[in-house]
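> I'd like to go over a predicted model; first the sequence, then the structure.
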Amino acid sequence: MSEEWDERPTSPRERRREEKDEKDEKDEKHEDHRDPLGGLVGGLILIMLGIGLFAWTQGWITGWAIALGLFFLGLAAIFVIEIVIRLVMPAYRRGIGGRIISTLIVTLIGLGFLGFEFWGYDIWTFWPLILVAIGLVILVGAILGPLFRR
């Protein structure tokens with residue numbers, strides 16, 4: 001007979017306790033894999049958004065295009081901070097290709113809104129350049145990527 005037959009039947013309460021203990025053990029194993037940079041980036045975005053909205057309500061920033069342009073450029077700056085931290089600190093080193101592409105996209109969007117406000121051109125005229133920029137980043141990553149993996 002197997003050992004399972006020798007055990008006495010457990011109550012639903014005991015089974016739930018055992019399942020909870022197993023779940024806690026799994027959580028402890030995965031606890032070290034949490035990335036604190038996500039909290040840093042999220043906190044910085046909320047701080048930037050709060051400051052921007054306050055400046056807008058005070059009249060320091062006028063016009064929706066300027067507000068959106070500055071928001072997207074601030075978002076890009078926060079992404080650059082994250083990229084630099086990931087490159088400098090080995091503990092947080094992970095792939096940054098996606099973050100570089102998103103930084104490039106939000107930078108172009110921000111410049112597009114500011115360009116609409118200051119120079120009168122429409123972002124919809126130049127949006128295909130975002131695709132060109134993404135393609136260039138992917139191309140450079142494909143060419144230079146093997147050099148950095150050694």
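Right, received. Where do you want to start?

> going forward, measure contacts between C-alpha atoms and count neighbours the same way
OK.

> could you point out the longest helix of this structure?
The residue-count maximum for a helix in the chain (DSSP state H) belongs to helix 64-88.

> I'd like to know which elements that helix is packed against.
Judged by 3 or more Cα pairs under 8 Å, 6 or more residues apart in numbering; DSSP states H and E, helix 64-88 is in contact with helix 36-57, helix 97-118.

> so how many other residues sit close to the spatially closest residue to I96 that is not a sequence neighbour?
Nearest residue to I96, sequence neighbours excluded (Cα to Cα, 6 or more residues apart in numbering): I83, at 6.5 Å. The local packing of I83 (other Cα atoms under 10 Å) involves 20 other residues.

> again with V80
By other Cα under 10 Å, neighbour count at V80 equals 16.

> check contacts around it.
I100, T103 (Cα atoms under 8 Å, 6 or more residues apart in numbering).

> so what's it scoring on pLDDT?
For V80, the pLDDT comes out at 92.

> ok, the one 5 residues further on next?
Per-residue confidence (pLDDT) for I85: 89.

> and it, how many neighbours?
15.

> so the helix or strand hosting V140 versus helix 97-118, what angle?
Per DSSP states H and E, V140 falls inside helix 128-148. Interaxial angle, helix 128-148 versus helix 97-118 (axes from the mean of the first three to the mean of the last three Cα atoms, to 10 degrees): 150 degrees.

> name the residues that touch helix 128-148?
G97, I100, I101, L104, I105, L108.

> could you measure from the first one over to G63?
Using Cα to Cα, to the nearest Å, G97 is found at 33 Å from G63.
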